[in-house]
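In: Okay, predicted coordinates and the sequence, questions at the end:
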Amino acid sequence: MSFEHNIRRVVPYVPGEQPNQPGMIKLNTNECPYPPSPKVEEALKEMDAGQLRLYSDPTAAELIDALADRYGVDPAQVFVGVGSDDVLAMAFLTFFNSEKPVLFPDITYSFYDVWAELFRIPYQICPLRDDFSIDIEDYIRPNGGIVIPNPNAPTGLLEAVGNLEKVIAANPDSVVIIDEAYIDFGGKSVLPLVEQYENLLVVQTFSKSRAMAGARIGFAIGSRKLIRYLNDVKFSFNSYTMSRMSLAVGRAALEDEDYFQKITAKIVETREWTKRELAALGFSFPDSYANFIFATHERVGAERIFAALRERNIYVRYFKKPRIDNYLRITIGTPEQMEALISALRDIVK
Ligand code: PMP
């Protein structure tokens, strides 16, 4: 007999590669091209390594208070984790505990089905329309929970708050998670709805708009009841999720609202410039509200363009999956990086 029959076997999520070539242009994992706020660097410099012998605050109180302040909610409505991946995983484990299927789009963040498989949560995917928009009616039927990213990834499409509210209001018996990883690039958040709907959990991250993917800080805001249940599961799993470093830098980043506004506005401006240039080269794409564009070319195949860009040391993301295997997901970098991308593409698709 083999011990292997007792093993929980999973097909893991595959993160975008993290190459480290000199001079490369890295537009493949939706990171921010700018450094975090200078206040983050100050906080790191002020850190006393001697303090690391002590555990971090398991309640992450100071970071949670700063988030509550920034988003105008009570600290009892805020939860933090090791990136929004950790927050989402805890939320799946906590809230999706039904025999009925959890619903999410077919083209979406490819971690959702991985968590569902890992936690043995039944799920059903709801195909997006041909233009990649969400058909809200798909989410108005019996279910064990709902997760929708807004803007969606990898399409970048933004759903109107009113439509999402219909889904939240129609499902008082399940938890609706809105994954707002990319909301700070011009989208309108459903956050104000948490006061009205106890079943709504909004998840956001410091990884994109606060330029801190490497610090691993994500958070959720919802009703006191949801946050209490989420904490019960978290404290049954790992009490000290947030290190002293991440608590300190997270707090520091929240102190610099001006910097946050400045870099997100800059990325939006560069995104709009990139859309015009891509369109001029024969690319089409859903109208992105995120820090990436999901583009397909009228003549040249995405896989070929992906490989040709890579040869030029420009990394973008390609998913060899049904319906999207002729698209490239291109993260918005600095204006200079995007100019280099456009110039390479001009050469590749000519
Ligand atoms: N949600 C979506 C839709 C994402 O694209 C990502 C980034 N991979 C995440 C959540 C997780 O990001 P992080 O764990 O860095 O907060």
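Out: Arrived safely.

In: Identify the residue nearest residue 334 in space, chain neighbours excluded?
Out: Spatially, and ignoring its direct neighbours in sequence, residue 334 is nearest to residue 33 (4.6 Å; Cβ to Cβ, 6 or more residues apart in numbering). (Glycine included, C-beta is placed from N, CA and C.)

In: need the strands for the stretch 151-300 of the chain, in chain order.
Out: Assigned by DSSP state E, counting those that start in this stretch, the stretch 151-300 of the chain shows strands spanning 176-179, 200-205, 218-222, 283-284, 292-297.

In: out of the ones you listed, which comes closest to the ligand?
Out: strand 200-205 (3.2 Å; Cβ to the nearest ligand atom).

In: Quick one: distance of the closest one to the chain centre.
Out: The chain centre lies 10 Å from the centre of strand 200-205; the measure is Cα atoms, centre = their mean, to the nearest Å.

In: How about that strand and the ligand, touching?
Out: Yes. Using Cβ under 6 Å from any ligand atom, strand 200-205 reaches the ligand at residue 205.

In: Paired strands for that strand, with orientation please.
Out: The strands beside strand 200-205 in its sheet (DSSP bridges) come out as strand 176-179 (parallel), strand 218-222 (antiparallel).

In: ok, back up a step: just name the most buried of the strands of the stretch 151-300 of the chain.
Out: Mean neighbours per residue, mean count of other Cβ atoms under 10 Å, is largest over the strands of the stretch 151-300 of the chain for strand 176-179, with a mean of 28.

In: Alpha carbons only: can I get that one in PDB?
Out: Taking Å, rounded to 0.1, in the frame of the first residue of the first chain, the C-alpha atoms of strand 176-179 are listed here in PDB:
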ATOM      1  CA  VAL A 176     -21.000  37.800  -2.000                       C
ATOM      2  CA  ILE A 177     -17.300  38.600  -2.300                       C
ATOM      3  CA  ILE A 178     -16.300  41.500  -4.600                       C
ATOM      4  CA  ASP A 179     -12.600  41.300  -5.300                       C
END
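
In: Tell me which residues are up against it.
Out: The contact list for strand 176-179 (Cβ atoms under 8 Å, 6 or more residues apart in numbering) reads 84, 88, 91, 95, 109, 145-150, 164, 167-168, 190, 197, 199-203.

In: Return the distance of it from the chain's centre.
Out: Here strand 176-179 is found 11 Å from its chain centre; the criterion is Cα atoms, centre = their mean.

In: quick one, helices of the stretch 51-200 of the chain?
Out: In the stretch 51-200 of the chain, the helices defined using DSSP state H, counting those that start in this stretch lie at 61-71, 83-95, 112-118, 161-170.

In: Packed most tightly, which of the ones you listed would that be?
Out: Of all these, helix 83-95 has the most neighbours on average by mean count of other Cβ under 10 Å, namely a mean of 23.

In: mean confidence score for it?
Out: The pLDDT scores in helix 83-95 average 98.

In: Please name every helix or strand in contact with that helix.
Out: Helices and strands touching helix 83-95, by 3 or more Cβ pairs under 8 Å, 6 or more residues apart in numbering; DSSP states H and E, are strand 78-81, helix 112-118, strand 145-149, strand 176-179, strand 200-205, strand 218-222, helix 224-234.

In: Quick one: these as TSV, columns for distance to residue 267 too.
Out: What follows is the helices and strands packed on helix 83-95, written out as TSV (distance: least, Cβ to Cβ, whole Å):
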stretch	distance to residue 267
strand 78-81	24
helix 112-118	25
strand 145-149	18
strand 176-179	19
strand 200-205	15
strand 218-222	19
helix 224-234	30
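
In: Just tell me which of those ends up closest to residue 243.
Out: Closest to residue 243 of the helices and strands packed on helix 83-95 is strand 78-81 (Cβ to Cβ; 11.6 Å).

In: check whether the closest one contacts the ligand.
Out: No. Strand 78-81 lies apart from the ligand when judged by Cβ under 6 Å from any ligand atom; the minimum separation is 8.4 Å.

In: which neighbours does that strand have in its sheet, and in what orientation?
Out: Checking strand 78-81 against DSSP bridges gives partners strand 218-222 (antiparallel).

In: do the strand it pairs with and the ligand meet at all?
Out: Yes. Using Cβ under 6 Å from any ligand atom, we find that strand 218-222 touches the ligand at residue 218.

In: what do you get for stretch 246-257?
Out: No. Using Cβ under 6 Å from any ligand atom, stretch 246-257 stays clear of the ligand, coming no nearer than 11.7 Å.

In: Name all residues that make contact with residue 133.
Out: With Cβ under 8 Å, 6+ apart, residue 133 has these contacts: 157, 159.

In: hang on, the earlier thing: adding distance to the ligand, write the helices of the stretch 51-200 of the chain out as CSV.
Out: Output for those, formatted as CSV (distance: least, Cβ to the nearest ligand atom, whole Å):
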stretch, distance to the ligand
helix 61-71, 14
helix 83-95, 3
helix 112-118, 9
helix 161-170, 15
